[in-house]
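Q: Mind folding the following:
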Amino acid sequence: MRPNSAEILQGVQGSLMTYILPEVQGDFARTELMLINVLLGIATRDLDIAAQILVDDNAALRGLAREVAKVLKDAPRDGTDDMVELLENHAGTSDPSVRISDLSATNDALRDTISRAAVALTGATESPHVELRARIIARLREELQRLPHNLLGPRADG
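A: Next up, the predicted model:
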């Protein structure tokens with residue numbers, strides 16, 4: 001489909017810089033327009049890579065779910081039977097489509113299940129359980145660090 005979303009945003013950026021910016025007189029308004037241009041550039045880049053990032057994240061989380069399910073089956077902990085079934089169900093799925101909303105919903109469900117598995121492994125002293133919990137936490141931390149930060153900083157009201 002032409003133009004795609006990224007190309008449309010690039011066209012808007014070009015129009016803003018070519019036709020609108022020269023007409024804007026005030027320094028504040030020019031600065032704001034240039035900030036908008038930067039944000040459009042970020043949105044354009046994110047549109048291009050968002051689906052691939054989610055597909056990769058979902059595959060990694062499914063692999064982790066598969067590993068956790070196997071370890072819990074081989075060395076069960078109290079109350080983890082339902083968790084094993086849930087992990088196996090998630091590990092055996094595939095992405096329903098490449099729509100960002102579908103990929104995001106799947107990612108949320110996978111992260112939720114993996115997070116609950118980490119909680120189920122809390123207090124474990126056996127080597128495979130401790131190692132897996134650490135890997136789960138590292139994976140979730142990695143995803144969290146990729147989240148966008150508010151350009152305006154933290155809210156004043158908390």
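Q: give me phi/psi at the residue of the chain positioned farthest from its centre?
A: For the chain, the residue at maximal distance from the C-alpha centroid (Cα atoms, centre = their mean) is residue 25, at 39.7 Å. Main-chain dihedrals, residue 25, degrees, to the nearest 10: phi -90, psi -40.
Q: Tell me how far it lies from residue 12.
A: Plainly put, residue 25 is 21 Å away from residue 12 if you go by Cβ to Cβ, to the nearest Å. From N, CA and C alone the C-beta is placed, and that goes for glycine too.
Q: To what extent is the nearest residue to residue 53 once chain neighbours are set aside buried, counted in neighbours?
A: Leaving aside its sequence neighbours, residue 53 sits nearest to residue 146 (Cβ to Cβ, 6 or more residues apart in numbering; 7.6 Å). Neighbour count of residue 146, defined by other Cβ atoms under 10 Å: 8.
Q: gap between residue 146 and residue 63?
A: Residue 146 is 18 Å from residue 63, by Cβ to Cβ.
Q: Any regions of the chain where pLDDT drops low?
A: Residue ranges of the chain with pLDDT under 70: 147-158.
Q: Swap in 90 and give it another go.
A: Within the chain, the stretches with pLDDT under 90 are 1-2, 4-6, 42-51, 71-83, 96, 98, 100, 120-129, 142-158.
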